[in-house]
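Engineer: Okay, predicted coordinates and the sequence, questions at the end:
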Amino acid sequence: MSEHAETQHDHDEHDEHDGVSGVHATLKGYLTGFGLAALLTLLPFSLVMSGAFAKSGPADALILFLAAIQIVVHMIYFLHMNTKSEGGWNMLALVFTIVLVVITLSGSIWIMFHLNNNMMPSMMPDPRNLP
Amino acid sequence: MSDTTMTMSGSPEPLKFHVEGDHHVENGTLLGFWLYLMSDCLIFACLFAAYGVLGRDYAGGPSAAQVLELPVVAMNTTLLLLSSITYGFAVLEMQLNRRGPMMAWLVITGLLGAGFIALELTEFAHLISIGAGPWRSAFLSSFFTLVGTHGLHVTCGLIWMIVLLVQVGKKGLIPANKRRLMCLSMFWHFLDVVWVGVFSFVYLMGVLP
């Protein structure tokens, strides 16, 4: 535990000297991130390319789930995101952006899906009945 | 107030906004650049939403499963992922203040990125040549816009990389250049994050039956 604290301290001093604050890049971190990312890329590609999926429903969910995990992996190991970097403002901006992205994506798709349904010919008034 | 303006406009010396030897604001650049990346993220969210809405409107044209080739995309993804780790190695060399190895890793990263762009352009050219250009259907319009915008970002990253190589070559690993390298690092890794969304949402889900 104390060893870890010491390493952290060394890094802080090093960064201060460099003039680049708040970044602690390590070889171990990059290799871990790369390994996880490669695995999370290989898995969905091999599953889809081998034709293991007959129906798209559960496959879509699995692909999106793996992509979400990989994005978190990239954020942590490559973008060095944590709650302390840049005094927490980094994380605050990220959370705000995620809220906006979710609203944009789910809102657009939800609205357009209903618009498609409501524009079906069956929903249109019969022109012969119009005055 | 008016006095200051008078002095400024009347002064024969050019105005200096950056005073030499001035200490750069701590906690400034990287946070600001992160905010820019978040705004970029919103642009991509809108393009993803457009693709989500229009992606199945083929207008009698080819469907995603008919025109998208997964082996090419797997190759593309490999190149981009490799370029992420090589940029990481460049950052590690930067932290050790080793200029030569840092620049070598940066060149390798640039070559991998250029390979990605080359493959993507080949794919686009192939699609256009078989009559599946962006004008063919709503699906292809949104596809070209989303994937093309990502490709444009990667191209900008490559130009930035070349500029940085020149700057580091001239001035060495000074604090300003290190700051720039960290900004480009964020930009480059962020593009990989967006590509994860593209290959999952557009390519893998597109070719499913």
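Structural biologist: Now that the structure is in, tell me what you want to look at.

Engineer: Just the closest residue of chain B to chain A, please.
Structural biologist: Going by C-beta to the nearest C-beta, chain A is nearest to residue B:175 of chain B, at 3.3 Å. Where you see a C-beta, it was placed from the backbone N, CA and C, and this is true even at glycine.

Engineer: What is the neighbour count of that residue?
Structural biologist: 12 (other C-beta atoms under 10 Å in any protein chain shown).

Engineer: Could you measure from it over to residue B:181?
Structural biologist: 11 Å (C-beta to C-beta, to the nearest Å).

Engineer: what's the answer for residue B:31, then?
Structural biologist: Relative to residue B:181, and taking C-beta to C-beta, residue B:31 is found at 17 Å.

Engineer: repeat for residue B:71
Structural biologist: Per C-beta to C-beta, residue B:71 is found 34 Å from residue B:181.

Engineer: Compare these two and say which is more crowded by neighbours.
Structural biologist: Set residue B:71 next to residue B:181 and count neighbours by other C-beta under 10 Å: residue B:181 wins out with 21 against 9.

Engineer: how about the more buried one, what does it touch?
Structural biologist: Counting by C-beta atoms under 8 Å, 6 or more residues apart in numbering or on different chains, residue B:181 makes contact with B:90-91, B:94, B:102, B:164, B:168.

Engineer: and after the lowest-mean-pLDDT helix or strand in chain B, which helix or strand comes next?
Structural biologist: One helix or strand of chain B scores below all others by mean pLDDT, DSSP states H and E: helix B:2-10, with a mean of 48. Scanning forward in sequence from helix B:2-10 by DSSP states H and E, the next helix or strand is helix B:29-54.

Engineer: for the very next helix or strand once past that following helix, packing partners?
Structural biologist: Next helix or strand after helix B:29-54 toward the C-terminus (DSSP H and E): helix B:64-67. With contacts defined as 3 or more C-beta pairs under 8 Å, 6 or more residues apart in numbering or on different chains; DSSP states H and E, helix B:64-67 has these neighbours: helix B:205-207.

Engineer: any residues touching the helix it packs on, and which ones?
Structural biologist: A:48, A:56, A:59-60, A:63-64, B:55, B:64-65, B:68, B:70.

Engineer: residues in contact with the residue sitting nearest the centre point of chain A?
Structural biologist: By C-alpha atoms, centre = their mean, the mean C-alpha position of chain A lies nearest to residue A:71, the distance being 3.8 Å. Residue A:71 makes contacts with B:193, B:196-197, as judged by C-beta under 8 Å, 6+ apart.

Engineer: which intervals of the chain have sub-threshold pLDDT?
Structural biologist: Defaulting to chain A. A:1-23, A:54, A:56, A:118-127, A:130-131 (pLDDT under 70).

Engineer: Wait, chain B was what I had in mind.
Structural biologist: B:1-27.
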